[in-house]
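In: Next one to model:
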Amino acid sequence: MEAVAAVFALLVVLFLVLGAYATVKVVGAAKRGVDRTINQARRTVEDHTLRAKSFAQPGPAGEVAQLRLKLRTSMRATQEALHAGAAEDESLKESLGLFERLSAHGQELDAELRRLESEPDRATLAGRMPSLRERTDRITESADALRWAARDRARRFAEDDLDSLSAQIDVEAGALRHWTTTEPPRAAAPSAPGTKTPGTKTPGTKSPGAPTSAPTPPWPEAPPAAAGAAAPRQTWPETPGARTAEEPTRPAITPPGPRPTYPWQKKPRPESTT
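Out: Predicted coordinates for the structure are as follows:
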């Protein structure tokens, strides 16, 4: 029983610790969110105030406001670009270290420009403006170089990824269109008797444009054998076309001539029709 009570008490303590930790984390996140919102609102108000001073106050005071606005805008844009890129590219952490060192010089210059906004001696302020302008330009140029280098690096990585993706898509598209590849020619199916196959010629037909030629003469027929006559001598058949056009074709057997009539023969009587 005592062991069960000890385990129960341990669980209660554990739940209390976890609850306190979760409460602290939630309160800290809420406080950071509130601070972030307040800082963003303060920066927005200061930016609008500096923009208004740069247009409303002529002379060195207005130029100081312009320098502060230029410095703050460049440093803020570079900080956001580097922090966004460092989450995906580990090599930008060194650039973040350099930017932190540059931010120290920028904050020092911004504090000095803020103090000079309320400087009553305009002549002294005008004498220090060239050096302030030079320092502002150097800091903003360095910040801009870091920011554009980070953006170019991200764009280059995006183009390389797009090229690789396009090559993979081309390969996949070619695989999907596999039926467009060259296929071996299929064997022609045998045609039915009496049908014409395109490109073939049938005997006795002329193709258009072909030169006309004389038809092949047929083989001579064998003459009927006479009763009681001797068997004809066997000869080799003549080659068609061996005879010339002037030589007439000889018949196989000479037809008998008309029978001679004699005076002692009686003339045949005509048959009576009655």
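
In: What about Val27, how many residues nearby?
Out: Neighbour count of Val27, defined by other C-beta atoms under 10 Å: 10. Every C-beta, even on glycine, is put in place using the N, C-alpha and C of the backbone.

In: For Gly62, give its distance to Ser142.
Out: Computed as C-beta to C-beta, to the nearest Å, the Gly62 to Ser142 distance reads 25 Å.

In: of these two, who's got more company?
Out: Counted by other C-beta under 10 Å, Gly62 and Ser142 do not tie: Ser142 has more neighbours, with 19 against 16.

In: need the contact list for the more buried one.
Out: Leu102 (C-beta atoms under 8 Å, 6 or more residues apart in numbering).

In: Which pLDDT value goes with it?
Out: Note on Ser142: pLDDT of 94.

In: again, but for Val27
Out: Here the pLDDT value assigned to Val27 is 84.

In: helix or strand for it, which one?
Out: Taking DSSP states H and E as the definition, Val27 sits inside helix 2-56.

In: which other helices and strands contact that helix?
Out: Counting contacts by 3 or more C-beta pairs under 8 Å, 6 or more residues apart in numbering; DSSP states H and E, helix 2-56 packs against helix 60-86.

In: quick one: buried residues of the helix or strand that the helix it packs on is followed by?
Out: The helix or strand immediately downstream of helix 60-86 is helix 92-117, counting by DSSP H and E. Neighbour-count burial for helix 92-117, counted by 16 or more other C-beta atoms under 10 Å, picks out Leu92, Ser95, Phe99, Leu102, Ser103, Gly106, Leu109, Asp110, Leu113, Leu116, Glu117.

In: Among those residues, which one lies nearest to Val4?
Out: Nearest to Val4 out of these is Leu92 (C-beta to C-beta; 55.8 Å).

In: my guess is the closest one contacts Arg151, does it?
Out: No - the criterion here is C-beta atoms under 8 Å, and Leu92 misses it with Arg151 at 11.0 Å.

In: For those two, list the residues in contact with both.
Out: Taking C-beta under 8 Å, 6+ apart as the contact rule, Leu92 and Arg151 both touch Gly85.

In: can you give me the helices in the stretch 101-250 of the chain?
Out: Ranges of helices in the stretch 101-250 of the chain, per DSSP state H, counting those that start in this stretch, are 122-176.

In: In it, where is pLDDT below threshold?
Out: For the stretch 101-250 of the chain, the stretches flagged by pLDDT under 70 are 180-250.

In: try 90
Out: Scanning the stretch 101-250 of the chain for pLDDT under 90 picks out 114-128, 151, 153-161, 174-250.

In: how is this structure carved up into domains?
Out: Split into domains by automatic domain parsing, the chain comes to 1-56, 58-175.

In: I'd like to know how far Gly62 sits from Leu50.
Out: Using C-beta to C-beta, one gets 10 Å for the distance from Gly62 to Leu50.

In: ditto for Leu132
Out: From Leu132 to Leu50 the distance is 15 Å (C-beta to C-beta).

In: what do you get for Ala149?
Out: Counting by C-beta to C-beta, the gap from Ala149 to Leu50 is 27 Å.

In: More neighbours: those two, which one.
Out: Just comparing Ala149 and Leu50: by other C-beta under 10 Å the higher neighbour count belongs to Leu50, 24 against 15.

In: and that one, what pLDDT?
Out: With respect to pLDDT, Leu50 scores 80.

In: hang on, the earlier thing: single out the most deeply packed of the domains of the chain.
Out: Highest mean neighbour count among the domains of the chain (mean count of other C-beta atoms under 10 Å): domain 58-175, with a mean of 15.

In: So what would you say the end-to-end distance of that one is?
Out: 70 Å (C-alpha to C-alpha, to the nearest Å).

In: what sits against the nearest residue to Glu112 once chain neighbours are set aside?
Out: The shortest distance from Glu112 to any non-neighbouring residue, by C-beta to C-beta, 6 or more residues apart in numbering, is to Leu132 (7.6 Å). Neighbour list for Leu132: Val64, Leu67, Leu109, Glu112, Leu113, Leu116 [criterion: C-beta under 8 Å, 6+ apart].
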